[in-house]
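In: Below: sequence and its predicted model.
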Protein chains: 2
Amino acid sequence: MEEYKEIMQAKKGKVDVTPIANFFREEVKQQITKNCWKPRVVAFLTSDDQGAIDYSKWTKLACQKDGIEFLLKRVERVDLEDLIIEANNDPCVHGILVYYPVFGGMMDSYIQDVVSPTKDVEGLSTTNRFNLYHNIRYMDGETATKKCVIPCTPLAMVKIIDNLGIYDKSLTMGEHLKGKTVTIINRSEIVGRPLAAMLANDGAIVYSIDINGIIIFQAGKRHGTIKMSETTVTREEAISKSDILILGVPSPNYKVNSDLIQDGTIVINFAGCLNVEESIQEKSILVPTIGKVTIAMLERNLLRLFNNQISNK
Amino acid sequence: MEEYKEIMQAKKGKVDVTPIANFFREEVKQQITKNCWKPRVVAFLTSDDQGAIDYSKWTKLACQKDGIEFLLKRVERVDLEDLIIEANNDPCVHGILVYYPVFGGMMDSYIQDVVSPTKDVEGLSTTNRFNLYHNIRYMDGETATKKCVIPCTPLAMVKIIDNLGIYDKSLTMGEHLKGKTVTIINRSEIVGRPLAAMLANDGAIVYSIDINGIIIFQAGKRHGTIKMSETTVTREEAISKSDILILGVPSPNYKVNSDLIQDGTIVINFAGCLNVEESIQEKSILVPTIGKVTIAMLERNLLRLFNNQISNK
């Protein structure tokens, strides 16, 4: 994008992702207006956590502005499963959103799978993740009319990297990130692992790091497959040789030492708190938050699911 | 069972579950022999963890003794997903078993769902758990020929409770544990939650405790449904009023204070380490380990899945 030309040439500075978010939201809004669509999301909030409440307000505001009906429901967590199943069965609901944590731990993974994959705007259900990992693009198999959705946050990250001009579009599909090294500090099934798979699928070598160690993700031999492998490369080595460093450790105490990060590295932080000193922007490109693009991707996923559903009729 | 009459009458002592395990294994063995069946399990071991290695040896020994072909495969964790998919597609494999942890965290929940629900001897896939929570007994809907499987460890627990004579069979189905209070310290999706649902389904009031707090599970208004509710009852109060106390905290440092436990309470420990002082057996009924019955349930699940698969042909 034109907006980032200066920063990208200087190879340092702070990136505000608002223009990227606005670009995709505008696209969504136009499609809705043009077709007189009325897509509806039901969002379930079970906690009093201020972070979750704030995020729900932001999502609601953005969606309403773009022509999406956004029903925010405050519910008891013990009733959540039944309410999700009701929403799954309600033909007037096109997308379902849950603010986590609800119970915490594995029960929340279970809840993610109670949401029907056909209404899973966040792209968190196992079905949607399995399809992503196995390069399955359609929900309806060989009929190939209903596109899968991709988890919002990793999708947002890919769109940001793309719009910063990192993808080399002169190369063939699947090689746009060829020669690039990426380190992702987070291997959750919500962000870190799907993202590692997506960037590997675009040709990058990805070091995926969590408390249990490091795994390398790269493109497999067959197109669209991912190869994981063990490595003896350390966390420090991986960070030092990375063109892109992605940070997602949900703790304000976790900070990567700036000395490890090379000049000109693109540092993208999605942790909620900053996992690096802010001064890194004096020698690298810092994207401190990505939330606005995540919301735009949520809208985009919703339109895809809406489309899949109206094509049933 | 006759073997437990004395202990149950004295309302104290230590229970060895071997007779219960043998009873179910004998049943499995006879069915296999009578029908000349050749059920095959593939078990994947990725770690050097001695606990996992030992458990895999025990499972293999038991299965082989009972006429089950047990292929134990030591594999790299980065290859596991592909190998599971291969086994899913192999018509000569009837059951698939994975020794966890593999990667740890959510990636392991994902792996559980890569195993086809039709070969999921452990009953850990989301589909099999969802069916359990919603009282769905068959995998093939209204055709109703292919029975679902239930997670092995909670199923073992129910069989132990039943064989100790706690179920009041004079009451109607769904009320066999009516009036009984149970506390379960563990709410994992592998053991604690499915178990809470099963015991609630049999009429008990269940206090389900984990680090995030307490939730009550009891039978819902419609038969087969479960009602969850919040409570102000404390952990100590729940333990004190329980007829059955089930312990599953994977830490040798976690011990429930014996003073909290009433005389005659049935204490079942499945933690790997004992979550209570051994001396509790002087005033209560202690079941210190249940692993042998878990293996018997695994064999039982395998036969069910084998049956479902041969009925396809």
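Out: Arrived safely, thanks for sending. Small disclaimer: the values here were computed from a predicted structure and weren't measured. Numbers count the residues shown, from 1 in each chain, chains lettered A, B, ... in the order given.
In: what does the stretch 201-313 of chain A have sitting close to chain B?
Out: With the criterion set to C-beta under 8 Å from any C-beta of the partner chain, the stretch 201-313 of chain A comes near chain B through A:Asp210, A:Asn212, A:Ile215, A:Lys227, A:Met228, A:Ser229, A:Glu230. Backbone N, C-alpha and C define where each C-beta goes, glycine included.
In: Distance of the residue nearest to the second one when sequence neighbours are not counted relative to B:Met139?
Out: Spatially, and ignoring its direct neighbours in sequence, A:Asn212 is nearest to B:Gly104 (4.8 Å; C-beta to C-beta, 6 or more residues apart in numbering or on different chains). Counting by C-beta to C-beta, to the nearest Å, the gap from B:Gly104 to B:Met139 is 30 Å.
In: Compare these two (neighbour count), which wins?
Out: Remark: of B:Gly104 and B:Met139, B:Met139 carries more neighbours, 20 against 13, as counted by other C-beta atoms under 10 Å in any protein chain shown.
In: which non-adjacent residue is nearest the more buried one?
Out: Nearest residue to B:Met139, sequence neighbours excluded (C-beta to C-beta, 6+ apart): B:Lys146, at 4.3 Å.
In: how about that neighbour, what does it touch?
Out: Counting by C-beta atoms under 8 Å, 6 or more residues apart in numbering or on different chains, B:Lys146 makes contact with B:Thr118, B:Tyr138, B:Met139, B:Asp140, B:Asn308, B:Ser311.
In: List the buried residues of the helix or strand containing A:Lys5.
Out: Using DSSP states H and E, A:Lys5 sits within helix A:5-10. Neighbour counts over helix A:5-10 (16 or more other C-beta atoms under 10 Å in any protein chain shown) mark A:Ile7, A:Met8 as buried.
In: Need the contact partners of it.
Out: By C-beta under 8 Å, 6+ apart, helix A:5-10 touches A:Gly13, A:Lys14, A:Val15, A:Leu164, A:Gly165, A:Ile285.
In: would a markdown table of those with neighbour count be doable?
Out: Converted to a markdown table, the contacts of helix A:5-10 look like this (neighbours: other C-beta atoms under 10 Å in any protein chain shown):
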| residue | neighbour count |
| --- | --- |
| A:Gly13 | 16 |
| A:Lys14 | 14 |
| A:Val15 | 24 |
| A:Leu164 | 22 |
| A:Gly165 | 12 |
| A:Ile285 | 23 |
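In: Out of the residues you listed, flag the one nearest to B:Val42.
Out: A:Leu164 (45.6 Å; C-beta to C-beta).
In: Could you report the distance from that closest one to chain B?
Out: Between A:Leu164 and chain B the distance, using C-beta to the nearest C-beta, to the nearest Å, works out to 29 Å.
In: A:Ala52 too?
Out: Going from A:Ala52 to chain B by C-beta to the nearest C-beta gives 15 Å.
In: what pLDDT, on average, does the strand or helix carrying that residue get?
Out: Assigning secondary structure by DSSP H and E places A:Ala52 in helix A:50-65. Averaged over helix A:50-65, pLDDT sits at 93.
In: now do stretch A:130-147
Out: Stretch A:130-147 shows an average pLDDT of 89 in the prediction.
In: Buried residues of it, list them for me.
Out: By 16+ other C-beta under 10 Å, the buried positions in stretch A:130-147 come out as A:Phe130, A:Asn131, A:Leu132, A:Tyr133, A:Met139, A:Lys146, A:Lys147.
In: ok, now which ones touch the residue nearest the centre of chain A?
Out: Central residue of chain A (C-alpha atoms, centre = their mean): A:Thr153, 1.6 Å from the mean position. Applying C-beta under 8 Å, 6+ apart, one finds that A:Thr153 lies in contact with A:Ile190, A:Val191, A:Leu195, A:Phe270, A:Ile290, A:Thr294, A:Met297.
In: possible to save the residues you listed as CSV with secondary structure and pLDDT?
Out: Formatted as CSV, those follow (DSSP: H, G, I helix; E, B strand; the rest coil; pLDDT from 0 to 100):
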residue, secondary structure, pLDDT
A:Ile190, coil, 92
A:Val191, coil, 95
A:Leu195, helix, 97
A:Phe270, coil, 96
A:Ile290, coil, 97
A:Thr294, helix, 97
A:Met297, helix, 98
